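# A predicted structure for the sequence below; I have some questions about it.
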Amino acid sequence: MRVLVAGGISCDVRLGVVAAPAVGETVPAETVGFLAGGSGVGLAVACSKLAAQTAIVGCVGGDEHGRMLLQTLRDARVDTRHLLASNAPTAMTVTTRDSDGYTRTVACAGANTKVTPDMVARALANSWDALLLTTELPDETVAASVDMAAAKAVPVVLRPTLPGRLVKLPGVSVLVVDELTALRLTGSNETETVMNVLAGYAPTVVVTTEKHGALLCRDGRVVRYPIAAVSGTGDVFAAAFTLRYAQRRDCGEAAAFAGCACALCVRPPNEQLQLPKLTQVMALFDSQRVTTTF
């Protein structure tokens, strides 16, 4: 299984505070974490961990953060030959989490804005079973990537991110989006409305939620698949879904498989998400004896 990921690459700074600062106020951080972030990184690492031959298209700055991210990807056995250094700084997010669990994030797109259609075209010159794409890249690059992959009959799984907007791209095979992003992009808090709106953007839509598991919509039919997972496993779900979908073209089975992958994740405080191996996911998946065609 060969998967090409095109998406954002960033350094995530996470600060644990008792309470968020008011305007003009400075508060101490009780914990600090520097993590490899960006959906591009999360997707690529997850695909590689699940035994796919994985390459990533993206940009980092020629700075310490960029070198850290490059090493993280290489340690995960992700092919980085299509990852280029830019004069722009490496993308960064700074997130505070208070004692009540509320988060506030500021993001700088940095080098992610330098990813071009030509970079993706060079990568797509090779043979791929799927393109896993995020909207962290420039709109022009996202649209061109979908068109180029579709022209080669490569299925495209699109993972929208915030901030962003929905754009109809006919070559998208599946839209995989988390609940918060779906609510923000559609402007609705009603699940039925959200699913109906998103259905206009791809033949198959999967929305991952905390309370209702994964909601899969196709041909006007919505099916729920349970996800017993820690928070922050959206990229793992999208990666696992893509791998199974590319193999079997069965969206229901892919959603169930992805749910198993999420259930086996572990997140230590202020550390990178710990991902399961393919053998572990397959063992759980097989034990559930999922039989579905969707």
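Alright, I've got the coordinates. Numbering: from 1, shown residues only.
# what's the pLDDT at residue 256?
Predicted confidence (pLDDT) for residue 256: 91.
# sorry, slip of the keys, the one I care about is residue 291.
The model's pLDDT for residue 291 equals 55.
# now do the longest helix seen in the chain, average pLDDT.
Secondary structure of the chain per DSSP state H: the longest helix is helix 234-248. Averaged over helix 234-248, pLDDT sits at 94.
# same check on stretch 111-128?
97.
# likewise stretch 48-58?
97.
# try stretch 18-26
On average, stretch 18-26 scores 89.
# can I get the CA coordinates of that stretch in CSV?
Output of stretch 18-26 as CSV, limited to C-alpha atoms (Å, rounded to 0.1, in the frame of the first residue of the first chain):
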residue,chain,number,x,y,z
VAL,A,18,-4.6,27.6,35.5
ALA,A,19,-6.6,30.3,33.7
ALA,A,20,-6.2,32.0,30.3
PRO,A,21,-4.8,35.6,30.6
ALA,A,22,-7.1,38.5,30.3
VAL,A,23,-6.2,41.4,28.0
GLY,A,24,-2.9,42.8,29.0
GLU,A,25,-2.3,40.1,31.6
THR,A,26,0.6,37.7,31.9
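# how about the contacts made by residue 78?
Contacts for residue 78 (C-beta atoms under 8 Å, 6 or more residues apart in numbering) come out as 5, 44, 45, 47, 48, 54, 55, 56. Using the backbone N, CA and C atoms, a C-beta is placed for each residue, glycine as well.
# I meant residue 55, not that one.
3, 4, 5, 44, 78, 79, 80, 81, 82, 123, 126.
# distance between the helix or strand hosting the second one and the chain's centre?
It refers to residue 4. Per DSSP states H and E: residue 4 is located in strand 2-6. Here strand 2-6 is found 12 Å from its chain centre; the criterion is C-alpha atoms, centre = their mean, to the nearest Å.
# okay, the angle between that strand and helix 234-248?
140 degrees (axes from the mean of the first three to the mean of the last three C-alpha atoms, to 10 degrees).
# in its sheet, what does strand 2-6 sit against?
strand 53-61 (parallel), strand 130-134 (parallel) (DSSP bridges).
# okay, now the residue nearest to residue 53 when sequence neighbours are not counted: neighbour count?
With sequence-adjacent residues excluded and distances taken as C-beta to C-beta, 6 or more residues apart in numbering, residue 53 is closest to residue 2, at 4.7 Å. Residue 2 has 16 neighbours, counted by other C-beta atoms under 10 Å.
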